[in-house]
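Peer 1: the amino acid sequence is not available; the structure is as follows:
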């Protein structure tokens with residue numbers, strides 16, 4: 001039940017301002033407050049983009065979100 005409410009809130013927030021939520025989660029990952037695994041699934045791509053942009057791609061533990069090597 002709590003997980004469903006969390007998921008619904010994230011969907012609502014993403015529609016409103018996903019950039020701020022992604023920045024919040026990226027900051028928490030960088031600071032070590034949460035791990036990559038704790039980032040909500042719907043925010044993983046924007047959070048990954050922010051982490052990569054800031055040179056912190058080593059914090060991303062799922063290869064599908066890492067930049068592809070040429």
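Peer 2: Right, received. Where do you want to start? Please read all numbers here as calculations on a predicted model, not as lab measurements.

Peer 1: going forward, measure contacts and count neighbours with C-alpha atoms only.
Peer 2: Will do.

Peer 1: where does residue 70 land on pLDDT?
Peer 2: Per-residue confidence at residue 70 stands at 60 (pLDDT).

Peer 1: what helix or strand is residue 50 on?
Peer 2: When secondary structure is defined using DSSP states H and E, the element that contains residue 50 is helix 44-53.

Peer 1: now that helix: average pLDDT?
Peer 2: So the average pLDDT for helix 44-53 ends up being 93.

Peer 1: that helix - contacts with which helices or strands?
Peer 2: If you count contacts as 3 or more CA pairs under 8 Å, 6 or more residues apart in numbering; DSSP states H and E, helix 44-53 packs onto helix 2-31.

Peer 1: and the nearest residue to residue 39 once chain neighbours are set aside, how many neighbours?
Peer 2: With CA to CA, 6 or more residues apart in numbering as the criterion, residue 39 has its nearest non-adjacent residue at 6.7 Å, and that residue is residue 25. Each residue near residue 25 was counted by other CA atoms under 10 Å, and the total is 25.

Peer 1: any idea how far residue 69 is from residue 25?
Peer 2: According to CA to CA, to the nearest Å, residue 25 stands 25 Å off from residue 69.

Peer 1: any low-confidence regions in this protein?
Peer 2: Of all residues in the chain, those with pLDDT under 70 make up the ranges 1-17, 70.

Peer 1: the residue nearest to residue 39 against residue 48, yeah?
Peer 2: No: counting by CA atoms under 8 Å, residue 48 is not a contact partner of residue 25; they are 9.8 Å apart.

Peer 1: re the thing from before, in the helix holding residue 50, what's buried?
Peer 2: Going by neighbour count (16 or more other CA atoms under 10 Å), the buried part of helix 44-53 is 44, 45, 46, 47, 48, 49, 50, 51, 52.
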